[in-house]
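Engineer: sharing a model that was predicted from the sequence below.
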Amino acid sequence: MKRLTRRLGAFAAPLLIGVVILGTVFFIGMRTKSPRVQRAVRRMNKAFWNPRSMATAGSRGAYASVVHHVGRRSGATYETPVVPVRTDDGFVIALPYGPTADWVQNVLAAGRATITYEDETYEVDRPEVVPTDQVGHHFDDSAQKTHRAFRVDECLRLHDVAGV
């Protein structure tokens, strides 16, 4: 930290203050479901996180999987990185932005999607938005803490067409 402070010199304090302020706005904005903050985070994810995560998404051991869905207005096919958790009858996906995210609306409208998870492809149907309290036990302790901290109140439950 001292080395970084020496390199940045006069910029160190304002930079650190800016990072703290930005982090605080992010945390409070996501926790309170601020549309402005959520919109900004979505844009950042689409521009930076999504393209990088798509390089490995869906492969064995990758952090993210891929939900393949069809646009409800355009009819175009889309791929969105998500972090699903396997259940006895399909998957659950936490919805930190709520159920209004475009990919969620597309899956709900179509009533089906495909998930590439751990190098396997699963046809899923009967999507339903459920309270995190109902399906939270499927997530590991760390994810549950994150969901509580950011008030992730809803998840998308998807059922495996093959019946797992």
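Structural biologist: Received, thanks.

Engineer: who are the contact partners of the residue positioned nearest the centre of the chain?
Structural biologist: By CA atoms, centre = their mean, the chain has its centre lying nearest to V82, at 5.1 Å. Shown in contact with V82 (CB atoms under 8 Å, 6 or more residues apart in numbering): A64, S65, V66, V67, I93, W103, I115. (Glycine included, C-beta is placed from N, CA and C.)

Engineer: try 7 Å this time
Structural biologist: By CB atoms under 7 Å, 6 or more residues apart in numbering, the contact set of V82 is A64, S65, V67, I93.

Engineer: burial check on the third one, number of neighbours?
Structural biologist: So the one you mean is V67. 28 (other CB atoms under 10 Å).

Engineer: residues in contact with it?
Structural biologist: So V67 contacts T80, V82, W103, V107, A113, I115 (CB under 7 Å, 6+ apart).

Engineer: among the residues you listed, which ones are buried?
Structural biologist: With burial judged by 16 or more other CB atoms under 10 Å, the buried subset of these is T80, V82, W103, V107, A113, I115.
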